[in-house]
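A.B. asks: quick one, fold the following:
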Amino acid sequence: MITIGMLHHRKDPKTVIKSYAYAAVARAEGINFFFFSPGTVNFVNRTIRGQVYENGNWRERIMPFPDVIYNAGSPEKLIKSKEIINKLKSSIPFTTNSIGNKWNISERLKEAKEFTNYLIPTEIIKDLETFYKYISSFHKVVFKPIDGRKGKGIYFIHKADEKYEVRKDSVSTTYTKEQLNDILLEKLSTETFIVQPYIHSITKSGQVFDFRLHVQKNGEGKWVITTIYPRIAPSGSIIANINNGGYTNYLDPFLQQEFKEEAFNIKRMLEHFSLSLANHLDEIQMMKYGEVIDEIGIDIGLDENLKIWIYEVNWRPGCPPAFYLELDVVVNSIRYAKFIAENQAKINNEIAESKKNNRKEKVDLPIIAITGSAGKTTSKAFLASILSKKWTIFESKDYWNTTEHTKKHAAAINDTHEAVVLEYGMAYPGVITEHCSIIQPTISIVTNIGLAHVGNFDSDIKKVAHAKSELIHGMDQSGILILNKDDDNSKYLETDQFKGKIMTVGIKSPANYRAYDVKYEENGMSFKIKLQRREITLFIPILGEHHVYNALNAIAVADYLGFTPMEIKAGLIFRKPPRRLTIYNCRDNITVIDDTVHSHPQGVRAALDVLTNIRGNRKIAIIGQMRELGDLREQEYSKVGDYVHEKGIDILITYGFRTEEIGAEALKKGFPAKNIYHYTNKDQMHELLKKIVTKDDTILVKGASKTNMFDTVHFLDQFFKA
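C.D. replies: Numbers count the residues shown, from 1 in each chain. The predicted model follows:
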């Protein structure tokens, strides 16, 4: 006769309600059953001082080691007995094994790929900046503990104008940003929290609902559906969990009421999804840990397009809220325990076969190379952020774009990588050809053709385009090429002989990927785009219309590679490259804009656009020397001077060799002479800033790394420190 031991962290079975049901069902199934805790195990004589249910009472008995163990205790409470449990596992099969917390399960599913399209983008909150990027992108978010259970500790936060509505349970409170900061920091100091976009299902009467899918293995070791039922939140609440006042309904009448003719199809979809996900998670458990799982509860929602979204997956979910269903759970558990005890060899063979099948098939590796006069690093950062939402990628470091760097990248790329994202920089002809000879791209992006390094090309923009065209000639000729439709100089790129597919991005011109309704927001840009036949609004946490083009480059590639709009939206909340329009908030509401990596005329004008679109009193532009303009220097400096006047800048400060030409042109156009300054000595310029910067000023510092303009950013940040 088979013997099952129920392991629990509690010593007294009378305090564990389900122990009675398991004992009763085991007896009905002709199986011995006893209850025990880790401290009662004797490994010397392989016995356990357990509790047996006899004649209506629990009685202590010395029992031999069972044939199988049902692990019913809390993982957190049993952690102190880890050594005992691991020793038991080495000789006795366990019916159930932990699949981790919400974050672990999400990471497993992302790694395995098959169900990533059902996952709600989720981020661990490490700082307030991460939270605010998410809420700027999604507007409504869920903020909850990473290890939360039974709907506890969940906050729904909605940005409304300059304030934030926070709802917990059925209570809503409106806070300023400063007040919300205090709440978030307090929560983050006590435990780990995650943030997700708020995706919810609504009944016809306006109540929030979700579905619980409860699946188990049966006496044949097969996954079966124990039950599927809707959970409806009480009026005014947005948590459908039963522990928070939610209530249930029978599935069929609920589907008929809410979905009419779609009811049958939705029911079949839920059934197929629950069994498919259970089998998938079981496969992952076998491949990664050599274990099997026996029971999961899946909480899902349906959006307005009837798309399934996984809210969370619970290992060992609570029993369904009806006695006969609770009994079904116990019957399946007992019968599966018997199956495990009698079929260990078969299960071990399945695990071995699963591990063998885990060897990845060799697939074509997308190798994406990005070149252009501006936007390479930011386009790369956007794309890498999106692709990493479900792939293991190789991403070149920021500004590592020389051929020597590419040689290092070639040595570092390995079989674990599922995509490669690189920058190909160049200052002279032939450089990009060498890049492509080291690593040949299958997908290429040319961001634009501008005046960066034009002095090295006889001051001829067509020769710059010819050098950039080396990427088109050197890439896989059947690959994908992304071009900027709005960039007039990109017409000089040599695409006539390219046999692959060309896709375009744009804002002003019709393009395959076109952004519209582009707007400056508090801490980034928002825009709309038609993606996969749907209009969606996207947000990027970096200022400047030129960065929308960089985002479009990434969107085009990600969409081609099969990423969903939700994955793209989440991926655009990226790690911004340093010193790229970074905002410093100083005392007296003084704002400093740091854009001190590269400097060329196109980039200077883009930075001035950002300066004029940020709130503030006076606009102060500090513009450093632009190198390698060759014979075009005087002409381009004059154009920048024109633009400074055109944009209504209040104070112009130029720094470096010949940059006074910018101020001279602005003066000709009518810019006030008293508000133009020129320096070649940085300390003297800083002394001026001490005197002229006042409350509510916004200051742009624009220059190339070689001119060390970041020194001025650092000075302003320290002198006007909040």
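A.B. asks: T40 is in contact with G50, isn't it?
C.D. replies: Yes. With contact defined as CB atoms under 8 Å, T40 counts as touching G50 (6.6 Å). Any C-beta I mention is one placed from the backbone N, CA and C, and that applies to glycine too.
A.B. asks: so if I had to pick from the two, which one is more boxed in?
C.D. replies: Shown here are T40 and G50; by other CB atoms under 10 Å, G50 has more neighbours (25 against 18).
A.B. asks: for the more buried one, give me its contacts.
C.D. replies: The contact partners of G50, taken as CB atoms under 8 Å, 6 or more residues apart in numbering, are G5, F34, F35, F36, T40, E60, R61, I62, M63.
A.B. asks: excluding its backbone neighbours, what's nearest it?
C.D. replies: Using CB to CB, 6 or more residues apart in numbering and skipping residues adjacent in sequence, the residue nearest G50 is F34, 3.7 Å away.
A.B. asks: so where's the stretch 51-200 of the chain shaky on pLDDT?
C.D. replies: Along the stretch 51-200 of the chain, segments meeting pLDDT under 70 span 148-151.
A.B. asks: tell me where it has helices.
C.D. replies: For the stretch 51-200 of the chain, the helices defined by DSSP state H, counting those that start in this stretch occupy 75-78, 82-89, 102-112, 128-138, 177-188.
A.B. asks: closest one to Q477 among the ones you listed?
C.D. replies: Of all the helices of the stretch 51-200 of the chain, it is helix 102-112 that lies closest to Q477, at 33.3 Å by CB to CB.
A.B. asks: tell me the helices and strands packed up against that closest one.
C.D. replies: Helices and strands touching helix 102-112, by 3 or more CB pairs under 8 Å, 6 or more residues apart in numbering; DSSP states H and E, are helix 263-289, strand 308-315.
A.B. asks: just the CA trace of it, in CSV.
C.D. replies: The C-alpha trace of helix 102-112 is given here as CSV (Å, rounded to 0.1, in the frame of the first residue of the first chain):
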residue,chain,number,x,y,z
LYS,A,102,6.0,36.3,-9.4
TRP,A,103,9.2,37.8,-10.7
ASN,A,104,11.0,34.4,-11.0
ILE,A,105,8.1,33.0,-13.0
SER,A,106,7.9,36.0,-15.3
GLU,A,107,11.7,35.7,-15.9
ARG,A,108,11.4,32.0,-16.6
LEU,A,109,8.7,32.6,-19.2
LYS,A,110,10.6,35.4,-20.8
GLU,A,111,13.7,33.2,-21.1
ALA,A,112,11.7,30.3,-22.6
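A.B. asks: low-confidence bits of the stretch 351-500 of the chain, can you list those?
C.D. replies: Short version for the stretch 351-500 of the chain, where the test is pLDDT under 70: 358-363.
A.B. asks: what segments of it are strands?
C.D. replies: 367-371, 393-395, 419-423, 443-446, 480-484 (DSSP state E, counting those that start in this stretch).
A.B. asks: and the last one, what other elements does it pack with?
C.D. replies: With contacts defined as 3+ CB pairs under 8 Å, 6+ apart, the secondary structure elements packing on strand 480-484 are strand 443-446, strand 501-506, helix 545-560.
A.B. asks: need the contact partners of the second one.
C.D. replies: Contacts of strand 501-506 with the rest of the structure, by CB under 8 Å, 6+ apart, involve 479-486, 495, 511-515, 549, 552-553, 555-556, 560.
A.B. asks: ok, the shortest one next?
C.D. replies: The contact list for strand 443-446, computed with CB under 8 Å, 6+ apart, reads 366-372, 379, 468, 471-472, 475, 479-484, 490, 493, 553, 557, 560.
A.B. asks: repeat for stretch 409-417
C.D. replies: Under CB under 8 Å, 6+ apart, the answer for stretch 409-417 is K360, L365, T392, I393, F394, S396, W400, V420, L422, I438, I439.
A.B. asks: follow-up on the earlier one: turn the helices and strands packed on strand 480-484 into a markdown table, including distance to K217 and mean neighbour count.
C.D. replies: Shown next, in a markdown table, are the helices and strands packed on strand 480-484 (distance: least, CB to CB, whole Å; neighbours: other CB atoms under 10 Å):
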| stretch | distance to K217 | mean neighbour count |
| --- | --- | --- |
| strand 443-446 | 43 | 28 |
| strand 501-506 | 47 | 19 |
| helix 545-560 | 38 | 25 |
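A.B. asks: list the contacts of the residue lying closest to A112 once chain neighbours are set aside.
C.D. replies: Distances taken as CB to CB, 6+ apart put I284 closest to A112, at 5.4 Å, once the chain neighbours are dropped. Each residue near I284 by CB under 8 Å, 6+ apart is listed here: R108, L109, A112.
A.B. asks: quick one: the residue nearest to L383 when sequence neighbours are not counted from L365, how far?
C.D. replies: Leaving out its chain neighbours, the residue that sits closest to L383 by CB to CB, 6+ apart is A554, at 3.9 Å. From A554 over to L365 the distance is 18 Å, taken as CB to CB, to the nearest Å.
A.B. asks: rewinding a little: among the strands of the stretch 351-500 of the chain, which is nearest P13?
C.D. replies: Nearest of the strands of the stretch 351-500 of the chain (CB to CB): strand 393-395, 50.8 Å.
A.B. asks: if L700 is in a bridge, with which residues?
C.D. replies: I593, A621 (DSSP bridges).
A.B. asks: check the helices and strands packed on helix 102-112 for me: which has the lowest mean pLDDT.
C.D. replies: Mean pLDDT per stretch puts strand 308-315 lowest among the helices and strands packed on helix 102-112, at a mean of 90.
A.B. asks: what helices or strands is it leaning on?
C.D. replies: Packing partners of strand 308-315 (3+ CB pairs under 8 Å, 6+ apart): helix 102-112, helix 263-289, strand 295-302.
A.B. asks: correct me if wrong: the residue nearest to G50 contacts D67.
C.D. replies: No. Here F34 does not reach D67: they are 11.8 Å apart, not a contact under CB under 8 Å.
A.B. asks: put the buried members of the contacts of G50 into a PyMOL selection.
C.D. replies: Burial among these is assessed by 16 or more other CB atoms under 10 Å; the matching PyMOL selection reads:
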select buried, resi 5+34+35+36+40+63
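A.B. asks: which residues do F34 and D67 both contact?
C.D. replies: T3, I4.
A.B. asks: out of the helices and strands packed on strand 308-315, indicate the one that is most buried.
C.D. replies: strand 295-302 (a mean of 21; mean count of other CB atoms under 10 Å).
A.B. asks: identify the residues contacting it?
C.D. replies: 96, 99, 118, 199-201, 210-217, 266, 270, 273-274, 277-278, 281, 308-318, 329, 332-333.
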